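Undergrad: Need coordinates for the following:
(one chain, ligands or ions: 1)
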Amino acid sequence: MSNDWLSKQGQSAGGGGKFRSGFVAIVGRPNVGKSTLMNAMIGQKIAIMSDKPQTTRNKIHGVYTTDEAQIVFLDTPGIHKPNSKLGDYMMKAADTALGEVDAVLFLADVSEGLGGGDRYIMERLKAAKTPVFLVLNKIDKVQPEELLPIIGQYKDFLDFAEVVPISALQGSNVETLLQQITRYLPEGPQYYPADQITDHPEQFVCAEMIREKILQLTREEVPHSIAVAIEDMRVQDNGVVYIGAVIYVERDSQKGIVIGKQGSLLKEVGKLARRDIETLLGSKTFLELWVKVKKDWRNQERILKDLGFRHE
Ligand SMILES: Nc1nc2c(ncn2[C@@H]2O[C@H](COP(=O)(O)OP(=O)(O)OP(=O)(O)O)[C@@H](O)[C@H]2O)c(=O)[nH]1
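TA: Next up, the predicted model:
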């Protein structure tokens, strides 16, 4: 099955004139709101969101298109020091993203203050030749007069091309941010059709939606050792999309938690995920879920590749 099996047909590119386009990376330590911002800008749920750190593991391209410009966003994995092979993959993906872009959005959580994680990332950004924006998120959590001194702390560390305070959750200043980014893009073609919001295969997005529901419904320490693989995805004769997905956990005890009493938790995961997937695909969906134990999958290269983690 090809990856773009559900992709919409391309539209004609955005003509000549002064059309601007380019690639923009979003970096920031875990939980600063990268996925929330991506969703606020693109206006559709494409990146997994949770209140647990380090859940954005793959690069997700979100594409924002207007009559004048197209911005292709790379949602980089949370940058952190690698402690397993999975960490290695994340670091490489992030570095690749930084080398290819027209601008970098460094997202920071204004309510948490400048921490070691922020410094670590800014240190790496110092080497970047591309303009770096300081995007201070979660301004809804602080008083306006607190903002300026905080901005000062960050500016002492790095020379930012622009500073834009926002609330991704409430959508404040997100429009301004998009306008500012557009000013930094070169003249260029429309890379993607206007109705395309992500160039990731729908399979990946569906798997992330399932993962998101598990994270929401399990309060235990299970989530970090969970991966979801879509094994089968096809349109049936009756027009219903069939999806078969396997949830990988590391231990039998985790399997029990994910399944729940008499399958209750898994059933709820399926119900909630199906709702989101139907909205994404715009068609009725039949979702079947299995839970399998794969010991220490995070350190097994082959399984990582099967699950779609790749060096590029
Ligand atoms: N109050 C407030 N909360 C926010 C805002 N933006 C994001 N959040 C919350 O912060 C938490 C983390 O947001 P995510 O978008 O998942 O963060 P992330 O940076 O993508 O996290 P990783 O996937 O771990 O890299 C969620 O609970 C969001 O609802 C904001 O502007 N204001």
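
Undergrad: which is the next helix or strand following the host helix or strand of Ile210?
TA: Per DSSP states H and E: Ile210 is located in helix 202-217. As assigned by DSSP H and E, the chain's next helix or strand after helix 202-217 is strand 227-235.

Undergrad: List the buried residues in that next one.
TA: For strand 227-235, burial by neighbour count (16 or more other Cβ atoms under 10 Å) applies to 227-230, 233. From N, CA and C alone the C-beta is placed, and that goes for glycine too.

Undergrad: how about the residues of the stretch 151-300 of the chain near the ligand?
TA: For the stretch 151-300 of the chain, the residues in contact with the ligand (Cβ under 6 Å from any ligand atom) are 167-169.

Undergrad: related to what we said a few turns ago, let's see the helix holding Ile210 as CSV, backbone CA atoms only.
TA: Presented in CSV, the C-alpha positions along helix 202-217 are these (Å, rounded to 0.1, in the frame of the first residue of the first chain):
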residue,chain,number,x,y,z
GLU,A,202,-2.4,9.4,7.3
GLN,A,203,-1.2,6.2,8.9
PHE,A,204,1.2,8.0,11.0
VAL,A,205,-1.3,10.6,12.1
CYS,A,206,-3.8,7.9,13.0
ALA,A,207,-1.2,6.1,15.1
GLU,A,208,-0.4,9.3,16.9
MET,A,209,-4.1,9.8,17.6
ILE,A,210,-4.3,6.4,19.2
ARG,A,211,-1.2,7.0,21.3
GLU,A,212,-2.6,10.3,22.4
LYS,A,213,-5.8,8.6,23.8
ILE,A,214,-3.7,6.0,25.7
LEU,A,215,-1.7,8.8,27.2
GLN,A,216,-4.8,10.6,28.2
LEU,A,217,-6.5,7.6,29.7
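
Undergrad: and the buried residues of strand 227-235, which two are the farthest apart?
TA: The largest separation in the buried residues of strand 227-235, counting by Cβ to Cβ, is between Ala227 and Met233 at 16.6 Å.

Undergrad: how much space is there between Gly113 and Glu146?
TA: Gly113 sits 10 Å away from Glu146, taking Cβ to Cβ, to the nearest Å as the criterion.
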